[in-house]
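J.: What follows is a protein structure lacking sequence information:
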């Protein structure tokens, strides 16, 4: 079992003060092996906080990140999966599955992780898995202020991935599960 935390679009401190306390309680140091962040951490302090949860932290540059050394995209291999990571503010129209499929093929990945829309989405297409964890803080986006805070935890086991979606609905953390199996 390999646990991968996927989150992004935190926008701390500009659009949100902090990660919701109910999410912080769930993110226990020493339990998660990898963190993939779709960008817009905005500040170094957020990156430092993520390093307290897991030592293997991968971040790509969002359109509001102060750290310009983060790459535009990145490919990480975890177990038998190649995961692509991109903030995807460069993808037009934002969140478009056709454009995301092109990026997935260019990066040659099994799973593409993107952000920017601040809305959780997950879909399987042509044997590949596409996931957007949404905004972990619920920070407003350019298109809406009604953002549901969310993040994703992936459990990678061989050729299977169990994806848990955590969403803060009102005062309650709701969890959903999606299974994905890598095509042979």
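T.: Perfect, I can see it now. Remember, predicted model here, so these are calculated numbers, not experimental data.

J.: remind me which residues of the chain are low pLDDT?
T.: Low-confidence regions of the chain, defined here as pLDDT under 70, cover residues 89, 91-95, 143-144, 184.

J.: Assumed residue 16 was part of a strand.
T.: No - assignment of residue 16 by DSSP: H, G, I helix; E, B strand; the rest coil gives coil, placing it outside any strand.

J.: Could you list which residues are in contact with it?
T.: Applying Cβ atoms under 8 Å, 6 or more residues apart in numbering to residue 16 gives the contacts 10, 137-139. C-beta here means a position set from N, CA and C on the backbone, and glycine is covered the same way.

J.: In JSON lines, list the residues you listed along with neighbour count and secondary structure.
T.: JSON lines is the format used below for these (neighbours: other Cβ atoms under 10 Å; DSSP: H, G, I helix; E, B strand; the rest coil):
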{"residue": "10", "neighbour count": "31", "secondary structure": "coil"}
{"residue": "137", "neighbour count": "27", "secondary structure": "coil"}
{"residue": "138", "neighbour count": "23", "secondary structure": "coil"}
{"residue": "139", "neighbour count": "21", "secondary structure": "coil"}
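
J.: Residue 67: which of those residues is nearest?
T.: residue 10 (13.1 Å; Cβ to Cβ).

J.: That closest one reaches residue 133, doesn't it?
T.: No - checked against Cβ atoms under 8 Å, the pair residue 10 and residue 133 is beyond contact range at 10.6 Å.

J.: Now do the strands in this protein.
T.: Listed from the start of the chain, the chain has strands (DSSP state E) covering 2-7, 34-37, 56-59, 73-78, 81-86, 111-114, 120-125, 128-133, 150-157, 160-169, 172-181.

J.: Need the ones you listed in a markdown table (columns: mean neighbour count and distance to residue 101).
T.: Shown next, in a markdown table, are these (neighbours: other Cβ atoms under 10 Å; distance: least, Cβ to Cβ, whole Å):
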| stretch | mean neighbour count | distance to residue 101 |
| --- | --- | --- |
| strand 2-7 | 22 | 19 |
| strand 34-37 | 24 | 19 |
| strand 56-59 | 19 | 22 |
| strand 73-78 | 16 | 15 |
| strand 81-86 | 24 | 11 |
| strand 111-114 | 27 | 8 |
| strand 120-125 | 15 | 6 |
| strand 128-133 | 24 | 8 |
| strand 150-157 | 22 | 20 |
| strand 160-169 | 18 | 18 |
| strand 172-181 | 13 | 16 |
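
J.: Beta-bridge partners for residue 177, please?
T.: As for beta bridges, residue 177 partners with residue 164 under DSSP bridges.
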